[in-house]
Structures are given as C-alpha cells and as structure tokens.
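In: dropping the sequence and predicted coords here.
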Amino acid sequence: MARFDLSLSELELYRPEVAEPEDFDAFWERTLDEARAFPSEPVVERVASPLTQVEAYDLTFTGFAGQPVRAWLLLPSGTTAPLPAVIEYLGYGGGRGLPHEKLEWAASGYAHLIMDTRGQGSGWGTGGDTPDPAGTGPSSPGFMTRGIQSPDDYYYRRVYTDAVRLVDAARTLPQIDPDRIVVTGVSQGGGIAVAVAGLVDGLVGVLPDVPFLQHFERAVGLTDAFPYQEIVTYLSVHRDAVEQTYRTLSYFDGVSFARRASAPALFSTALHDQTCPPSTVFATRNHWATDAAIEVYPFNEHEGGQGHQWVKQAAWLADRLSTIGATSA
C-alpha cells in the first residue's frame, strides 16, 4: 500500500483542533465514580501451567457497572517483592488468549497484566472469556457503533472503564508496586492505553503502539479500512445521525485524553498504515500534555515495528524506571 497521508515533516507539526464536549471531564468523573461504587476486590487464582520461569494467575476484577472482567497476571517465578507492572490492552477482535502466549514482560522482570476486552475474543488469536452483557440499539457489524446513539450507552464507555478499573485493581495486589505501573497496547489496545493515561494519575509511562481510536473525524474520512469503515457503513444507512454520532465519539477520542495525560509516552506509527492512519496518531502525540516520543516505521503498514518496537519499549521503560529510582533516592 502506497503512502496516502501527510509527509513526515507535516506530521511532526500536525496538531488539529478536535471537537471536545464541554462536559467531557464531568462525564468521565461520573462514569468512574459509578464504577468505583461497586465492591472491587480482585480474585486471583493460580493457573496450572507447564511454564517453569513464569507464574500464571487468572485474575477477575470489577469493571463497568460492577461486571466481572477477566485478565491474566503473569509474574517471574519466585516473586517475593512488589514489581513494576505492565498492563496490556488488546487489539480489535482479540481476547486475552492463553497465558503462555505473552511472556516477554514477565521474562524481563515485570508483573504483566493482560486485560480481556469485553465481548471480543473471536476475531483472531485463541479466544476471550469476558461477555459484554449490555444491549445495543441499531449498529453495523463490529463494535464501533454499538450504543453510538448516546455516550452513556456507547461500547467504549464500558471498555475504557474496565481498563481504568484494572489499574485500580492492580494497585491493590501485593505483587505490584502501585507507583510503578505502565499501560500499553497495540492498535485498539494502544487507544485504550491512551484513554487510561488521560483518566488515571500516577502512571510511570504509556506505550501506545500504532494506536486506534484517535481523531475519529479524520480517520473516518481518510481511510477505507475497517474498523473505522464500520462508522461509514452505519452513517450510509442512518443518514440523519451524523451529528449525534460524532458527538458520541467526541467523548472517546484519544486526542482529548492526550490533553489530560500526566505520564510520558512512547508512541509508534507506520507511514503505510491505513488501519490507523499516521496523522491520527500524530494528532494525539502532538497534543500530549507532557513528554511524548514517537517511533516511525516508514515502510510498514499496520503491523508497525512488531518485535523491534517491543525492544525499544523495553529500553525506554528501563530508562524511565531508573530515572524515577534516581530521583526518589
């Protein structure tokens, strides 16, 4: 796929005005207050596994509306002291899979939590375990337009709330240092990490890899790729719903969360990526409220840097934690 977006020099300067509702902060404060009113003690159970160097635990925590959400907790074997933790959110359509499929963070000395995405887990990988019991109005196939008639009913209100509540739950676990938590994810997972960064204080870092769910209006108008095309499909049928659709999406746009981020970030983007166009990623990075670096892969599509990016993330995080340690000392 040929390049189709702005040039790299233009991307570095791309900082568009993105619509934000006046009650954005009040909406999310109310949403999280409601979620935190439910009992929240996580349930952690050891999982039988052939792994010898990593311990695997099935974690169930309280998400949106008090609903149970599943996650994996992976720890280096023999962990006795609280560890820095990496919380990972997943790409569109995938579930948490099996615990032996993601070992790099635990093998590097971190606690690693992998959140199941409610209602997903049947598009790729080895499955998910968390239902989404909420109903929905008319929608196009997929998740992008579920409940889009109202911000209160929109699918990603539930997902973002789950993601924040996993940070809350992680901070209560004895194996995790509550002051050394980083959030990460690829594609949809990167977009969820961006939202969490705007809703949660005290993170040490954010690692959004080719993030989805950024600058909706530009993405929908720029790319023919799904999942953004789900919104196009919906609006091609519901011709009078354009204003309400974009109003709902404005409560979930990564650019608005970027303006509220308090932790430094390392982004990535790929210049041939039609799934998450680079200008939408740069829009969020360039609005980030604190330090935000970005790795650019000039000749890749949505796969981005893959294992190369993880090596850069690991080095960035190690440096970040050493800086924090030196400062606190």
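Out: Here it is on my side, so go on. Predicted model only: the values in this text are computed from it and were never measured.
In: for the rest of this, base every contact and every neighbour count on C-alpha atoms.
Out: Will do.
In: what helix or strand is residue 73 located in?
Out: Per DSSP states H and E, residue 73 falls inside strand 68-76.
In: elements contacting that strand?
Out: Helices and strands touching strand 68-76, by 3 or more CA pairs under 8 Å, 6 or more residues apart in numbering; DSSP states H and E, are strand 54-62, helix 104-107, strand 111-115.
In: give me the distance between it and the centre of its chain.
Out: Offset of strand 68-76 from its chain centre (CA atoms, centre = their mean, to the nearest Å): 16 Å.
In: in CSV, list the C-alpha atoms belonging to it.
Out: The C-alpha coordinates for strand 68-76 follow below in CSV (Å, rounded to 0.1, in the frame of the first residue of the first chain):
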residue,chain,number,x,y,z
PRO,A,68,-16.7,-9.1,36.2
VAL,A,69,-13.8,-8.8,33.7
ARG,A,70,-11.0,-11.4,33.2
ALA,A,71,-7.3,-10.8,32.9
TRP,A,72,-4.1,-12.7,33.1
LEU,A,73,-1.5,-11.9,35.7
LEU,A,74,2.0,-13.2,34.8
LEU,A,75,4.9,-13.0,37.3
PRO,A,76,8.5,-14.1,37.3
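In: listing partners with orientation, what would you give for that strand?
Out: Strand 68-76 pairs in its sheet with strand 54-62 (antiparallel), strand 111-115 (antiparallel), by DSSP bridges.
In: now do it, average pLDDT.
Out: If you average the pLDDT over strand 68-76, you get 98.
In: who touches it?
Out: 53-63, 96, 99, 103, 106-107, 109-116, 118, 129-130, 162 (CA atoms under 8 Å, 6 or more residues apart in numbering).
In: if we can go back for a sec, tell me the most buried of the helices and strands packed on strand 68-76?
Out: Using mean count of other CA atoms under 10 Å, the stretch among the helices and strands packed on strand 68-76 with the largest mean neighbour count is strand 111-115, at a mean of 27.
In: secondary structure element for the spatially most central residue of the chain?
Out: The centroid of the chain falls nearest to residue 192 when counting by CA atoms, centre = their mean (2.2 Å). Using DSSP H and E, residue 192 maps to helix 188-199.
In: nearest to residue 81, of the strands paired with strand 68-76?
Out: Ranking the strands paired with strand 68-76 by proximity to residue 81 (CA to CA) places strand 111-115 first, at 10.8 Å.
In: any idea of the angle the closest one forms with helix 188-199?
Out: 110 degrees (axes from the mean of the first three to the mean of the last three CA atoms, to 10 degrees).
In: against which helices or strands is the helix or strand that comes right after strand 111-115 packed?
Out: As assigned by DSSP H and E, the chain's next helix or strand after strand 111-115 is helix 155-170. Applying 3+ CA pairs under 8 Å, 6+ apart, we find helix 155-170 packed against helix 24-36, strand 54-62, helix 188-199.
In: okay, these, which one's buried deepest?
Out: helix 188-199 (a mean of 28).
In: what's that helix in contact with?
Out: With CA under 8 Å, 6+ apart, helix 188-199 has contacts from 28, 88-92, 159-160, 163-164, 183-185, 203, 206-214, 252, 254, 256-263.
In: and the helix or strand that it is followed by, what does it pack onto?
Out: The helix or strand immediately downstream of helix 188-199 is strand 205-209, counting by DSSP H and E. Secondary-structure packing of strand 205-209 (3+ CA pairs under 8 Å, 6+ apart): strand 176-186, helix 188-199, strand 265-270, helix 307-328.
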